[in-house]
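Q: Here is my input; please provide its structure:
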Amino acid sequence: MKRYQLGEFEEIVLLTVGVLYNEAYGVAIKEEIENRLKRKVSVGAMQSALRRMEKKGFIDSRLGEVNKLRGGKPKRYFTITAYGRDALRHSQDVRTSLWNDIPKVALDI
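A: Just a heads-up that it's a prediction; the model follows:
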């Protein structure tokens, strides 16, 4: 299980990279998470998570076009790697298995 272990925030970021597909860059990922989860995300936490996941091999990045509005700095776009896809599937399988194994009476409040 350690092989694909994702923290909650990493999993959310990785899923959001998938949702945004070719438009997954830092600010867009941050805004998508904030809009969907109604949860504030700091730029620092976002950048740290993206760097950490790239180092682990869950995502790859590429630089976009230079943009004068950004002071000549290009956006860094992220994509999910095959390893990242496998990690998400593993996480989904674990969660589904746990949900399926909860006795119905346990959730009847």
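Q: give me the low-pLDDT residue ranges for this structure?
A: 1-2, 70, 109 (pLDDT under 70).
Q: remind me, longest helix of the protein?
A: Longest helix in the chain by number of residues (criterion: DSSP state H): helix 82-101.
Q: tell me which residues of that one are tucked away?
A: Residues of helix 82-101 classed as buried: 84, 87-88, 91 (neighbour count, 16 or more other C-beta atoms under 10 Å). Heads up, the C-betas are built off the backbone N, CA and C, glycines and all.
Q: Now do that helix: everything it contacts.
A: Helix 82-101 is touched from outside by 1, 3-4, 6, 11, 14-15, 17-18, 53, 57-59, 80, with contacts defined as C-beta atoms under 8 Å, 6 or more residues apart in numbering.
Q: Format those as a markdown table; extra columns: distance to residue 27.
A: Formatted as a markdown table, those follow (distance: C-beta to C-beta, whole Å):
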| residue | distance to residue 27 |
| --- | --- |
| 1 | 33 |
| 3 | 31 |
| 4 | 27 |
| 6 | 22 |
| 11 | 20 |
| 14 | 17 |
| 15 | 17 |
| 17 | 13 |
| 18 | 17 |
| 53 | 17 |
| 57 | 24 |
| 58 | 20 |
| 59 | 16 |
| 80 | 18 |
